[in-house]
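S.K.: Got a predicted model here, sequence first, then my questions.
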Amino acid sequence: TKVDHRFILAIMQESGGCVRVPTSNFGVRNPGLMQDHNGAATCNSDITHKVQNPCPSKVILEMIREGTAGTKSGDGLAQCINESEAGDVIAFYKAARIYNSSAIAPSGNLQDGGATHCYASDIANRLTGWIYSAHKC
């Protein structure tokens, strides 16, 4: 996908880096390390209610593939970067917002709209090395 590995790692804030993170579902299932859009790869299934321990490396790799390249029903980071239509570093912040909520609010402010309001700022903090910053989420 040619997506920068640092961006992929920053997005793993979704799961806190836990390969057995529970799948969230607020209308769309979000499984795995990157809590991707209706992916199949998980080691903590909300469908079978089984937790795999240890989590197989092939499943972990698929979690990262789904989050980065997308799934059959949803975009991954690569598509979100392209959708951002930005040619500089702002592409990463816009893409993070799109990844989290499917869109950027009409205002253009990355904290506006649905889903997690401080998502893009949390990603920005991680990408700049500020991991202990306080946030309101």
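M.R.: Nice, thanks for sending it over. Residues are numbered from 1 along each chain as shown.
S.K.: Please name the nearest non-neighbouring residue to residue 39.
M.R.: Nearest residue to residue 39, sequence neighbours excluded (CB to CB, 6 or more residues apart in numbering): residue 66, at 3.8 Å. All C-beta atoms are positioned from the backbone trio N, CA, C, and that covers glycine.
S.K.: Quick one: end-to-end length of stretch 33-45, please.
M.R.: Terminal residues of stretch 33-45 are spaced 13 Å apart (CA to CA, to the nearest Å).
S.K.: shouldn't the residue nearest to residue 39 be in contact with residue 32?
M.R.: Yes: with contact defined as CB atoms under 8 Å, residue 66 reaches residue 32; the gap is 6.5 Å.
S.K.: Out of those two, name the residue with the larger neighbour count.
M.R.: Set side by side, residue 66 and residue 32 show more neighbours around residue 32, with 29 against 24, by other CB atoms under 10 Å.
S.K.: Can you name the residues that contact that one?
M.R.: By CB atoms under 8 Å, 6 or more residues apart in numbering, the contact list for residue 32 reads 15, 19, 21, 23, 39, 41, 42, 43, 62, 63, 66, 67.
S.K.: Pull out the buried residues from those residues.
M.R.: Among the contacts of residue 32, the ones that count as buried by 16 or more other CB atoms under 10 Å are 15, 19, 21, 23, 39, 41, 42, 43, 62, 63, 66, 67.
S.K.: Can you lay out these as CSV showing secondary structure?
M.R.: Formatted as CSV, the buried ones among the contacts of residue 32 follow (DSSP: H, G, I helix; E, B strand; the rest coil):
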residue, secondary structure
15, coil
19, coil
21, coil
23, coil
39, coil
41, coil
42, coil
43, coil
62, helix
63, helix
66, helix
67, helix
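S.K.: Sort out which one of these lies nearest residue 8 for me.
M.R.: Closest to residue 8 out of those is residue 67 (7.3 Å), distances taken as CB to CB.
S.K.: and the closest one, how far is that from residue 42?
M.R.: 12 Å (CB to CB, to the nearest Å).
S.K.: Over to residue 25?
M.R.: From residue 25 to residue 42 the distance is 12 Å (CB to CB).
S.K.: what does residue 114 give?
M.R.: To residue 42, residue 114 is 23 Å away according to CB to CB.
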